[in-house]
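Visitor: Quick one, what's the 3D model for this:
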Amino acid sequence: MRTHRTARGAAALATGTALVTLLAASPAGAGAPGLPTVTARSETAALYDDEAGGNADADDPAIWRNAADPGRSLVVATAKEGGLRVYDLGARQVQSLAAPRPPAEGDAPGRFNNVDLVAGLRTAAGRADVAVVSDRGNDRLRIYRIDPARRGGPLTDITDPAAAPVFSADQAEINDQRTAYGLAAWKDTATGRAYALVSRRERTELALLELLPAANGAVGYRKVRTLALPSSFTLPDGTAWSPCAEPGELPQVEGMVVDPATGTLYAGQEDVGIWRLRADLTDRPVLVDRVREFGVPGTYDEVSEECVPGADPGYGGERLAADVEGLTLFLERDGDGHLLASGQGDNSFALYDREVGDGNEYEGGFRIGAATRTLDGVEECDGAAVLNAPLGARYPRGLLVVQDGLETPAAPDGEGGSRTSTGFKFVDLGTVVDATGM
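Guide: Residues are numbered from 1 along each chain as shown. The predicted model follows:
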């Protein structure tokens with residue numbers, strides 16, 4: 001989600017919850033100008049964040065591969081108050097699931113923010129592939145079993161009814177909406193245990209949750225530990241800096257992904273940059289790259305509800321324009337791969353080497369432009385998912401799905417204006433590989 005942006009880029013070792021000193025400069029390399037452009041092959045129907053559109057707002061996708069019939073794989077995507085959408089590889093909707101209703105009048109409704117998948121999760125009813133969703137509205141996780149043969153739609157809610165709030169003590173705190181936000185799920189290759197990492201809205205806190213079988217085939221979770229990323233930084237000139245935000249807000253994390261081979265978490269702190277740390281939250285986080293706006297002072301204007309930036313001291317990075325969002329992993333069959341991140345500020349995508357030993361070097365980027373007058377490009381991308389595996393005749397080289405934060409053309413609102421719309425674009429991964437040399 002776009003927030004008040006005043007940040008700027010990364011490559012430093014940092015830890016703690018308060019003041020952090022930058023120890024290194026950004027990696028060398030070209031910035032965003034001149035990036036190659038690819039186009040989407042298809043897109044979902046537009047979603048509208050208003051009463052006429054069901055308060056649906058596209059946010060985050062995940063790709064489920066049907067091993068028995070790859071051409072019938074699915075994309076599971078969040079639509080905030082609009083719940084979940086499930087699409088086939090033609091970007092056609094095959095299922096819509098509503099977010100939970102408010103517990104009582106005046107309480108916050110369910111609001112699905114991020115989604116990730118776990119294959120072969122252990123349940124009392126046997127192993128199952130599941131979609132794990134962060135429900136910001138209720139400060140909980142929701143878990144959905146995936147069964148492509150199920151009549152009525154492939155997803156079934158199997159969340160343990162006793163699942164507790166992730167961060168809040170009671171409903172009053174939940175209604176304040178400093179709740180479960182970003183999410184990444186994975187399975188520990190050594191133990192077979194499944195986990196979800198969840199960030200907290202308007203805070204720097206991350207929570208590690210273990211997914212656990214419950215009665216009647218349901219799935220619950222328990223909190224293992226938490227960690228808070230920094231909210232304040234010491235710049236090279238000795239001054240302290242924090243990203244500008246509405247009073248009381250701290251720089252939040254949304255985009256996250258775990259490298260299952262190494263148990264490494266990459267977390268995008270929206271106005272700061274990309275952090276790397278152990279997925280079990282037991283080590284010191286390292287700032288892999290900073291957003292360009294890092295270090296830029298800002299003053300929050302209560303009238304416009306925006307931050308007014310000051311002079312740029314030049315401490316930011318070169319590739320990412322805040323917010324940093326949409327983290328996902330492109331995994332290659334030989335063990336190599338790339339971390340992909342979206343920079344909302346200039347509608348670009350950055351690629352980093354997956355190898356931690358090489359410092360996750362920047363290796364290029366791209367944009368997604370318009371294919372036709374009706375199949376537009378991607379702007380203000382909030383979430384992304386990539387799968388480097390054959391998906392039938394339509395996507396034999398894999399698939400990239402990204403959220404489009406400004407779907408066009410916008411529909412009229414009936415009052416002489418237009419309704420803001422969002423959606424998801426489906427991109428042939430082969431075209432990205434060819435354009436970037438991945």
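
Visitor: And what about residue 172, helix, strand or coil?
Guide: helix (DSSP: H, G, I helix; E, B strand; the rest coil).

Visitor: ok, now how distant is it from residue 103?
Guide: Using CB to CB, to the nearest Å, we find residue 172 at a distance of 12 Å from residue 103. Bear in mind the C-beta positions are built from the backbone N, C-alpha and C, glycine included.

Visitor: Would you confirm that residue 161 contacts residue 215?
Guide: No: between residue 161 and residue 215 there is no contact under CB atoms under 8 Å: 9.4 Å.

Visitor: Looking at residue 172 and residue 103, which has the bigger crowd around it?
Guide: The neighbour comparison of residue 172 against residue 103 (other CB atoms under 10 Å) goes to residue 103, with 14 against 9.

Visitor: Taking the centroid of this structure, which residue is nearest it?
Guide: Centroid-nearest residue in the chain: residue 255, 3.2 Å away (criterion: CA atoms, centre = their mean).

Visitor: Show me what the helix or strand encompassing residue 206 pairs with in its sheet, parallel or antiparallel.
Guide: Secondary structure from DSSP states H and E places residue 206 in strand 205-213. Note on strand 205-213: by DSSP bridges, its sheet partners are strand 194-200 (antiparallel), strand 219-228 (antiparallel).

Visitor: quick one, which of those is packed in tightest?
Guide: strand 194-200 (a mean of 26; mean count of other CB atoms under 10 Å).

Visitor: so how far is that strand from its chain's centroid?
Guide: Distance, stretch centre to chain centre, for strand 194-200: 12 Å (CA atoms, centre = their mean, to the nearest Å).

Visitor: For residue 144, find the nearest of the strands paired with strand 205-213.
Guide: Ranking those by proximity to residue 144 (CB to CB) places strand 219-228 first, at 9.4 Å.

Visitor: Return the distance of that closest one from the chain's centre.
Guide: 19 Å.

Visitor: Toward the C-terminus from that strand, list the very next helix or strand.
Guide: The helix or strand immediately downstream of strand 219-228 is strand 232-234, counting by DSSP H and E.

Visitor: so what does that next one touch, helix or strand wise?
Guide: Here strand 232-234 touches strand 19-21, strand 240-241, going by 3 or more CB pairs under 8 Å, 6 or more residues apart in numbering; DSSP states H and E.

Visitor: Toward the C-terminus, what is the element adjacent to the longest one?
Guide: Counting by DSSP H and E, the next helix or strand C-terminal to strand 19-21 is strand 37-39.

Visitor: What of the last one?
Guide: Tracing the chain C-terminally past strand 240-241 and defining elements by DSSP H and E, one meets strand 253-259 next.

Visitor: What is that next one packed up against?
Guide: strand 112-123, strand 180-187, strand 194-200, strand 264-269, strand 324-331, strand 337-343.

Visitor: Would you map the strands across the stretch 301-438 of the chain?
Guide: Counting by DSSP state E, counting those that start in this stretch, the stretch 301-438 of the chain has strands at residues 306-309, 324-331, 337-343, 348-353, 362-369, 384-387, 399-404, 411-412, 418-419, 421-428.

Visitor: Which residues in the fifth one does the neighbour count mark as buried?
Guide: Pointing back at strand 362-369 there. Counting neighbours by 16 or more other CB atoms under 10 Å, one finds that the buried residues in strand 362-369 are 362-368.

Visitor: Can you tell me which of the helices and strands packed on strand 232-234 has the worst average pLDDT?
Guide: Of all these, the minimum mean pLDDT falls on strand 19-21 (a mean of 37).

Visitor: what ranges of this protein fall below the confidence cut-off?
Guide: For the chain, the stretches with pLDDT under 70 are 1-33.

Visitor: 90 instead?
Guide: Applying pLDDT under 90 to the chain flags residues 1-34, 50-54, 189, 332-335, 355-359, 373, 408-420, 437-438.

Visitor: In it, where's the longest helix?
Guide: Scanning the chain for the helix with the most residues, using DSSP state H, yields helix 429-436.

Visitor: could you pull out the strands for the stretch 51-200 of the chain?
Guide: 61-64, 74-78, 84-87, 93-97, 112-123, 126-135, 140-146, 155-157, 180-187, 194-200.

Visitor: How far does the longest one sit from its chain's centre?
Guide: Remark: strand 112-123 is offset 14 Å from the chain centroid, using CA atoms, centre = their mean.

Visitor: which helices and strands does it pack with?
Guide: strand 61-64, strand 74-78, strand 126-135, strand 140-146, strand 180-187, strand 194-200, strand 205-213, strand 253-259.

Visitor: Using neighbour counts, pick out the buried residues of it.
Guide: Using 16+ other CB under 10 Å as the test for burial, strand 112-123 gives 112-118, 121-123.

Visitor: Return the residues in contact with residue 152.
Guide: By CB atoms under 8 Å, 6 or more residues apart in numbering, the residues touching residue 152 are residue 95.

Visitor: Ramachandran coordinates for it?
Guide: phi 100, psi -10 (degrees, to the nearest 10).

Visitor: what sits against the closest residue to residue 371 other than its chain neighbours?
Guide: Nearest non-adjacent residue to residue 371, counting by CB to CB, 6 or more residues apart in numbering: residue 39, 3.8 Å away. Residue 39 makes contact with 368-371, 375, 377, 427, 431, according to CB under 8 Å, 6+ apart.

Visitor: do the same with residue 122
Guide: 192, 194, 213 are the contacts of residue 122 under CB under 8 Å, 6+ apart.

Visitor: ok, what's across the strand from it?
Guide: Here residue 122, judged by DSSP bridges, has bridge partners residue 127.

Visitor: any chance of the contacts of residue 39 in TSV, with distance to residue 358 too?
Guide: Output for those, formatted as TSV (distance: CB to CB, whole Å):
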residue	distance to residue 358
368	27
369	30
370	35
371	34
375	37
377	31
427	26
431	26
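
Visitor: And the residues you listed, which is closest to residue 140?
Guide: Out of these, the member with the shortest distance to residue 140 (by CB to CB) is residue 427, at 31.8 Å.

Visitor: Please work out how many residues are found near residue 234.
Guide: Neighbourhood size, residue 234 [other CB under 10 Å]: 15.

Visitor: count of residues packed around the nearest residue to residue 430 once chain neighbours are set aside?
Guide: Closest residue to residue 430 apart from its sequence neighbours, by CB to CB, 6+ apart: residue 397 at 3.3 Å. Number of residues near residue 397 (other CB under 10 Å) recorded here: 15.

Visitor: before we move on, what about residue 377?
Guide: The burial count for residue 377: 18, using other CB under 10 Å.

Visitor: swap in residue 127?
Guide: For residue 127, the neighbour count with other CB under 10 Å is 10.
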